[in-house]
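# Model the structure of this input:
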Amino acid sequence: MGGAEVYLENVMRYLAETGGDRRWQPQLVCRRDAVLDVWAADISKYCAVHRLDIVRPGDVLHLARLVRQSDLVQLNLSFPSGKYQFAAAFVTRLLGRPLVVTHHLALGVSRPWRALMRWLGRAATRHITVSHYGRDTLIRDFGYPPDRVVVVHNGIDTARFRPASADVRQTFRRTVGELLEGRPWDDDVLLACSVARLSPQKGLFELVEATELVVKKLPRARVVVIGEGELGPRLREQARARGLERCFYLAGGLPRPRVAEWLAAADLFILPSRYEGGPATALMEAMAAGCAVIATDVSGTRELITDATLGRLVPARDVAALAAATVDLLSDPKARAGMGEHARRKVFDGFTIEAYLKRTIAIFEACVNTALSPSP
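So this is what the prediction gives:
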């Protein structure tokens, strides 16, 4: 579970709850992986969900029927390799439906995926990237036609992610202190949060190392990571080995409304990723919640944090720089408040789900209209 899944959940929920654009009735196809069960069940409240593995003949036939009934197929790539997405692209191409590919993470890949990515560049009617960095990668590394690649930054639900009142914030922090540490956290506790899959991409081992440096200068600091993944046991072991059992916590995966509460209650948000596809969804959510942020200067992050009034950028894998920025901001409540206010306005100005859907639906309509137009 990562940003691509959060994006899809946001889009489906928004279209259902607001009415969106009634000309478009989405259906979601996703794997039968158990890790997606809760997520798929939540999305099924908003649209039809089909769980297919596309390795069984029956699944392929089912997918073909869905594609044949559709005006357009949007393929969401959370990573630029894997049998599932290319099987879906081949079926769509074979049946002659317009294909729009959204690239949530544009990276260089090895054979045979490199050849398939090049094929996809020609097979799709349009490609959407979530950053200018991603667009440049597709054009430079895979030879995508520039006129087919469009940048549309992801957007978030700003009604869900917003600052909390002082009373609500205080109550929540006391409650989570009791949950994680066995005692309510006093007002002097400095809380930094990260929301990320527990995977190598997210740089969480560097965050553990940085936490050790931070608490030497600020013993009241607490760092909490929200998310699930394969690195959970190793991260806990590293924290224990460094004596951080009462300073560094893994809160596990949480529902989106609960994540919003954490971000509104935090003093600081930290995203230490080694790479990203674009401005991370979690980073946008933290900024919308009015939280001061620190992020690594990777991929498309600079397209969101465009200057120092919006957040701090540090080099990826640089533990000392990450720790120094954390100590600096946790020690300066005035700077955090000003940064949070500027950051929230930045998200409202161009990174909302409304802005994303408006641009994306316009791309869908252009692709369908082109497919329906008679050849000269």
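# Which parts of the stretch 101-250 of the chain are strands?
With strands called from DSSP state E, counting those that start in this stretch, the stretch 101-250 of the chain shows them at 126-129, 149-151, 190-195, 221-226, 248-252.
# for the ones you listed, which one sits closest to residue 344?
strand 190-195 (16.1 Å; Cβ to Cβ). Yep, even glycine has a C-beta here, placed from its N, CA and C like the rest.
# any residues touching that closest one, and which ones?
With contact meaning Cβ atoms under 8 Å, 6 or more residues apart in numbering, strand 190-195 is reached by 173, 185, 202, 204, 207, 218, 220-227, 259, 262-263, 265-272, 282, 285-286, 291, 326, 330.
# could you dump the strands of the stretch 101-250 of the chain to JSON lines with mean pLDDT and distance to residue 157?
Below are the strands of the stretch 101-250 of the chain laid out as JSON lines (pLDDT from 0 to 100; distance: least, Cβ to Cβ, whole Å):
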{"stretch": "strand 126-129", "mean pLDDT": "96", "distance to residue 157": "19"}
{"stretch": "strand 149-151", "mean pLDDT": "97", "distance to residue 157": "21"}
{"stretch": "strand 190-195", "mean pLDDT": "97", "distance to residue 157": "15"}
{"stretch": "strand 221-226", "mean pLDDT": "97", "distance to residue 157": "17"}
{"stretch": "strand 248-252", "mean pLDDT": "96", "distance to residue 157": "21"}
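# Can I have the buried ones of the contacts of strand 190-195 as a PyMOL selection?
Of those, the buried ones can be selected in PyMOL as follows, counting by 16 or more other Cβ atoms under 10 Å:
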select buried, resi 173+185+202+204+207+218+221+222+223+224+225+226+227+259+262+263+265+266+267+268+269+270+271+272+282+285+286+291+326+330
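# From the chain's centroid, how far away is the longest helix belonging to the chain?
Secondary structure of the chain read by DSSP state H shows that its longest helix is helix 353-372. Relative to the chain's own centre, helix 353-372 is displaced by 22 Å; criterion: Cα atoms, centre = their mean, to the nearest Å.
# May I see the buried residues of it?
353, 355, 356, 357, 360, 363, 364, 367, 368.
# Other residues contacting that helix?
With Cβ under 8 Å, 6+ apart, helix 353-372 has contacts from 10-11, 14-15, 20-21, 24, 71-72, 74, 97-98, 100, 125-126, 128, 150, 152-158.
# For ChimeraX, write the selection for the buried entries among these.
Of these, the buried ones go into a single ChimeraX selection, burial set by 16+ other Cβ under 10 Å:
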select :10,11,14,15,20,72,74,97,98,100,125,126,128,150,152,153,154,155,156,157,158
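# Make sure residue 294 is actually in contact with residue 268.
Yes: applying Cβ atoms under 8 Å, one finds residue 294 in contact with residue 268, separated by 6.7 Å.
# Now the longest helix of the chain: average pLDDT?
Helix 353-372 shows a mean pLDDT of 89 in the predicted model.
# Using CSV, write out every CA atom in it.
Taking Å, rounded to 0.1, in the frame of the first residue of the first chain, the C-alpha atoms of helix 353-372 are listed here in CSV:
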residue,chain,number,x,y,z
ILE,A,353,-8.1,16.6,-5.8
GLU,A,354,-10.5,19.0,-7.6
ALA,A,355,-7.6,20.4,-9.6
TYR,A,356,-6.3,16.9,-10.4
LEU,A,357,-9.7,15.6,-11.5
LYS,A,358,-10.4,18.6,-13.7
ARG,A,359,-7.2,18.1,-15.7
THR,A,360,-7.4,14.4,-15.8
ILE,A,361,-11.0,14.2,-17.0
ALA,A,362,-10.1,16.7,-19.7
ILE,A,363,-7.4,14.3,-20.9
PHE,A,364,-9.8,11.4,-20.8
GLU,A,365,-12.3,13.3,-22.9
ALA,A,366,-9.7,14.4,-25.5
CYS,A,367,-8.6,10.7,-25.9
VAL,A,368,-12.1,9.4,-26.3
ASN,A,369,-13.0,12.2,-28.8
THR,A,370,-9.9,11.4,-30.8
ALA,A,371,-10.7,7.7,-30.9
LEU,A,372,-14.2,8.5,-32.1
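# you'd agree residue 66 is up against residue 48?
No: at 9.3 Å, residue 66 and residue 48 do not qualify as touching, with contact defined as Cβ under 8 Å.
# Name the helix or strand for residue 88, please.
If you go by DSSP states H and E, residue 88 is part of helix 83-94.
# ok, residues contacting that helix?
29, 31, 53-55, 60, 63-64, 67, 73, 75, 77, 99, 101, 116, 120, 123-124.
# Kindly give a single ChimeraX line that selects the buried subset of those residues.
With 16+ other Cβ under 10 Å as the criterion, this ChimeraX line picks the buried residues out of the contacts of helix 83-94:
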select :29,53,54,60,63,67,73,75,77,99,101,116,120,123,124
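# hang on, the earlier thing: what about the contacts of helix 353-372, which are in helices?
Using DSSP H, those in helices are 10, 11, 14, 15.
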